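Chemist: Here's my sequence, what's the structure:
(2 chains)
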Amino acid sequence: EADIYQTPRYLVIGTGKKITLECSQTMGHDKMYWYQQDPGMELHLIHYSYGVNSTEKGDLSSESTVSRIRTEHFPLTLESARPSHTSQYLCASSDRDGPDTQYFGPGTRLTVL
Amino acid sequence: KNEVEQSPQNLTAQEGEFITINCSYSVGISALHWLQQHPGGGIVSLFMLSSGKKKHGRLIATINIQEKHSSLHITASHPRDSAVYICAAPRGWASGTYKYIFGTGTRLKVLA
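Modeler: Predicted coordinates for the structure are as follows:
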């Protein structure tokens, strides 16, 4: 079983609040990913990290930001949440170059009122 | 047209039935990933395969790289198999890394 964790699992907040979604993995993986998934839709990559101090934007434009100060930790921050940010956010990690397995966290379901 | 397409989009089966989910892709890849997403949202990796067939319990995955097609089979289906099954094609990206192109998923419901 993959050791990748996300908190909170569910979050309901009001518009304008700053939020941070946490993602941690204990497998020592260099690569970590954030995906956004709307109900009934496919996953879209919003952020990617090769390793400590490296982050890249994904395919889907997102107003969120990420940081990678430690290998095991890859938090995602929304400075001012809006209803359009309501979605599920999934974190994943992998450990090698090549099309290897990505391990997914349980996801955070965010609702912005 | 999506680069990764799955069929059917929705599937309802009776317990015990043999189930097949198909994935066709237009991107050039060397392997394909099958994922399972439960109603709670968590995703579990089922198979990564680059040729032939892989089996794990009641799940069997096959791939034909030349025809750009993969299938996921579930034998003796059970209500606990109810989930969304997603195929993902890892495509070469920048600096030797890969990113996934995801299908929209097949929503399977197995009735007791």
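
Chemist: can you give me the strands for chain A?
Modeler: Along chain A, counting by DSSP state E, strands occupy A:4-7, A:10-13, A:19-25, A:31-37, A:44-51, A:54-57, A:65-66, A:76-78, A:87-94, A:103-104, A:108-112.

Chemist: And those: which comes nearest B:His73?
Modeler: strand A:103-104 (22.5 Å; Cβ to Cβ). The C-beta positions use only the backbone N, C-alpha and C, and glycine is treated the same way.

Chemist: Now tell me what touches the closest one from outside.
Modeler: A:2-4, A:25, A:27, A:29, A:90-94, B:35, B:42-45 (Cβ atoms under 8 Å, 6 or more residues apart in numbering or on different chains).

Chemist: same thing but at 10 Å, please
Modeler: The contact list for strand A:103-104 (Cβ atoms under 10 Å, 6 or more residues apart in numbering or on different chains) reads A:1-4, A:6, A:25, A:27, A:29, A:32-33, A:35, A:43, A:90-95, B:35, B:37, B:41-45.

Chemist: returning to what we had before: any chance of TSV for the strands of chain A, columns mean neighbour count?
Modeler: As requested, the strands of chain A are exported to TSV (neighbours: other Cβ atoms under 10 Å in any protein chain shown):
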stretch	mean neighbour count
strand A:4-7	19
strand A:10-13	14
strand A:19-25	19
strand A:31-37	24
strand A:44-51	20
strand A:54-57	14
strand A:65-66	18
strand A:76-78	18
strand A:87-94	24
strand A:103-104	22
strand A:108-112	19
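
Chemist: In TSV, list those along with mean pLDDT.
Modeler: Converted to TSV, the strands of chain A look like this (pLDDT from 0 to 100):
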stretch	mean pLDDT
strand A:4-7	94
strand A:10-13	96
strand A:19-25	97
strand A:31-37	92
strand A:44-51	90
strand A:54-57	90
strand A:65-66	95
strand A:76-78	96
strand A:87-94	93
strand A:103-104	88
strand A:108-112	95
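
Chemist: among these, which is nearest B:His78?
Modeler: Going by Cβ to Cβ, the one of these nearest B:His78 is strand A:103-104, 22.6 Å.

Chemist: Walk me through which strands that closest one pairs with, and which way each runs.
Modeler: Sheet pairing of strand A:103-104 (DSSP bridges) gives strand A:87-94 (antiparallel).

Chemist: Grab the CA positions of the partner strand and hand them over as CSV.
Modeler: As requested, the backbone C-alpha atoms of strand A:87-94 are provided in CSV (Å, rounded to 0.1, in the frame of the first residue of the first chain):
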residue,chain,number,x,y,z
SER,A,87,-13.1,20.4,-7.1
GLN,A,88,-11.3,17.3,-6.0
TYR,A,89,-7.5,17.7,-5.7
LEU,A,90,-5.3,14.5,-5.9
CYS,A,91,-1.7,14.3,-5.0
ALA,A,92,0.6,11.6,-6.4
SER,A,93,4.3,10.7,-6.4
SER,A,94,6.7,8.5,-8.3
